[in-house]
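Curious how this folds, go ahead:
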Amino acid sequence: MATIVHFDLPAEDLERAASFYEKLFGWKFERMPGPIEYYGIMTFDEHGRPSLGGGVGKKNEWDTGITNYIGGDSVQDAPSRTIELGGKVVLPHTEVGEFGYLAVCLEMEGNKFGTWENKPDSKFR
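Sure, this is the predicted structure:
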């Protein structure tokens, strides 16, 4: 069953955004390895247990709001299925370093969503 596995927050100033959410919600931020400036986010449930993970990266022309990523076994199929169902592809199937693969789409109402597939040998889950 497909479920939300990750979220991304776009920001112009990543450190400012991290500071805001850390102070507001108590989220923890960690600089992720790789050439792109990106911070992983650890959130917590109402009992203080680790919950849904996210990230904050640099804003771009299509990344104008929070994107929820739905996990699945094959990100490659989602963009073509989205087009078949009347939506658009914003970012096609893209490798994300040692972590996995993503794609970002728009459905007919203009809502943005992403799909995510972990690499089988990735230590990041």
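
Run the chain-centre distance for the lengthiest helix in the chain.
The longest helix of the chain (DSSP state H) is helix 14-25. With C-alpha atoms, centre = their mean, to the nearest Å as the basis, helix 14-25 stands 17 Å off its chain's centre.

what does it rub up against?
9, 11, 27-29, 37-39, 41, 43, 56-58 (C-beta atoms under 8 Å, 6 or more residues apart in numbering). Backbone N, C-alpha and C define where each C-beta goes, glycine included.

Okay, and which of these map to strands?
Residues of the contacts of helix 14-25 located in strands (DSSP state E): Leu9, Ala11, Lys28, Phe29, Tyr38, Tyr39, Ile41, Thr43, Val56, Gly57, Lys58.

Do I have it right that the fifth one meets Val56?
Yes - assessed by C-beta atoms under 8 Å, Tyr38 is found in contact with Val56 at 7.2 Å.

Neighbour count for those two, which is higher?
Neighbour count, other C-beta atoms under 10 Å: between Tyr38 and Val56, Val56 has more, with 25 against 18.
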